[in-house]
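Undergrad: Would you be able to build a 3D model of this:
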Amino acid sequence: MPYFNYRVHSSDAAQVSYWQRRDFMQAWRALYREDSRWTPPDYRRLGRMIDPRHNLHLRRLQARLIYIEAMYRTGLRRVRTDQQEIPMTSILEKPLAAAVPLIDPRRKGRTAHVAMLHLSADDEGFDRLLAQLADTYSDLGYRRFIGPVGLSPHLDSGVLVDSWNEWPPVHTPANPPYLPEMLERRMRPFQMGRLYHVFVPTQPAPPAPGPANLHLIDPARLADDLLPLLAAFTTNRTAGFPAPDAVEAFFLLQTLRSASLAACVATVQAEPVGFVLLGADIAGRLRSAQGGRTLLGRGRLAMTLGRPVAAGRLYFGGVQAAWRGRGIGRQLWQWALGEASSRRWQQLTIGPVWEHPNGLDMFLRKYGATPRQTYHLYEATF
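TA: Numbers count the residues shown, from 1 in each chain. Next comes the predicted model:
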């Protein structure tokens with residue numbers, strides 16, 4: 001499709017007006033809204049998430065809202081007047097790329113993150129986005145980007161590279177099939193992850209024996225006294241993402257709060273040694289309500305809150321290295337399946353589980369989880 005008059009919109013997220021933020025969200029949404037398998041976010045919540053005044057985590061990341069637009073001709077048509085037929089073309093403006101680049105002051109080195117990346121199939125639109133990123137961040141001393149990631153890299157990160165027939169669970173990447181090829185022409189894949197699925201038994205096995213005591217806890221404690229547990233099992237050393245601190249942990253839990261979270265901690269002699277965090281998979285609700293973007297959609301989304309869903313997500317969890325191999329992981333796994341069964345979930349999804357020598361993938365396979373969707377993270381230097 002012939003595009004012309006490309007325009008770059010780039011603004012400091014901390015200084016944009018409500019209308020500029022709305023324009024960015026509309027452009028970002030328009031790029032994937034025709035993809036029926038894309039799961040839109042809760043738009044009211046997203047509007048606050050990309051506003052540093054309401055998001056302490058984003059406030060420190062020097063976020064920018066960037067999108068690329070261009071004009072295009074929709075086609076030739078003929079308009080009849082009293083004297084003759086006049087050929088005319090319609091010209092409209094269309095978004096071609098959008099992203100929220102971030103600089104995390106906690107990260108070592110000179111690597112920035114590209115969050116919320118949405119691309120059309122137009123190569124030049126992507127090239128102009130990359131050029132804008134290079135122009136803006138090279139002056140600040142940054143020469144490398146990693147992405148796509150979420151506003152926290154511990155949720156919504158990566159690019160789906162297969163399994164296009166699968167309905168994506170909530171808080172996992174969903175993108176058009178052309179995206180991996182586009183990215184690989186300009187960036188390098190450097191880490192792979194897999195999403196694991198396990199069917200939930202209708203009659204779960206009895207609690208597994210082991211040395212730990214299991215306690216149902218308020219998930220908010222994972223941003224407070226149990227933060228070291230959350231940090232231990234969300235660190236991605238290969239990608240270099242910083243482990244969540246209290247501010248980021250609070251942001252993660254706020255992002256997940258509509259998922260009816262349940263958390264369980266394992267203790268040995270009152271010492272926390274492991275945990276799991278579960279939540280409902282509300283992707284189907286979000287797709288049905290189109291993210292609650294309109295008044296009708298918000299009403300539909302509100303009506304479904306509290307209703308049972310067919311699947312769940314295991315977001316985070318693990319056992320401290322010093323306590324592995326003693327059956328505590330199995331205790332937490334059996335608790336997770338029992339909780340999923342009590343909620344009448346038919347399936348539980350875990351991950352994406354990124355490549356890392358911690359044995360989590362082997363543990364999941366051992367207890368019946370199967371890998372399906374594959375995700376990649378990419379890097380680019382300039």
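Undergrad: Just list the residues touching Arg48, thanks.
TA: By C-beta atoms under 8 Å, 6 or more residues apart in numbering, Arg48 lies in contact with His54, Asn55. (C-beta placed from N, C-alpha, C; glycine too.)
Undergrad: Please apply the same query to Leu301.
TA: By C-beta under 8 Å, 6+ apart, Leu301 lies in contact with Asp42, Arg285, Leu286, Ala289, Gly291, Gly292.
Undergrad: ok, His197 touching Leu348?
TA: Yes - using C-beta atoms under 8 Å, His197 is in contact with Leu348, at 7.4 Å.
Undergrad: Please identify which of the two sits among more neighbours.
TA: For His197 versus Leu348, neighbours defined as other C-beta atoms under 10 Å are more numerous around Leu348 (24 against 20).
Undergrad: Neighbouring strands of the helix or strand containing the more buried one in the sheet, and parallel or not?
TA: For Leu348, the host element (DSSP states H and E) is strand 347-354. In the sheet, strand 347-354 lines up against strand 188-199 (antiparallel), strand 311-319 (parallel) (DSSP bridges).
Undergrad: And the pLDDT for the closest residue to Arg330 other than its chain neighbours?
TA: Excluding the flanking residues, the one nearest Arg330 by C-beta to C-beta, 6 or more residues apart in numbering is Ala208, at 4.6 Å. Note on Ala208: pLDDT of 81.
Undergrad: Kindly confirm my reading that Ala208 is in a strand.
TA: No - per DSSP: H, G, I helix; E, B strand; the rest coil, Ala208 lies outside any strand segment and is coil.
Undergrad: and it, how many neighbours?
TA: 18.
Undergrad: need the contact list for it.
TA: The contact partners of Ala208, by C-beta under 8 Å, 6+ apart, come to Gly327, Arg330, Gln331, Trp333, Gln334.
Undergrad: In terms of distance to Leu226, which of the residues you listed ranks first?
TA: When those are compared for distance to Leu226 (C-beta to C-beta), Gln331 wins out at 17.1 Å.
Undergrad: mind checking which helix or strand that closest one is in?
TA: Gln331 belongs to helix 328-342 when assigned by DSSP H and E.
Undergrad: by contact count, what packs against that helix?
TA: If contacts are counted by 3 or more C-beta pairs under 8 Å, 6 or more residues apart in numbering; DSSP states H and E, helix 328-342 sits against strand 213-217, strand 262-268, strand 271-280, strand 311-319, strand 347-354.
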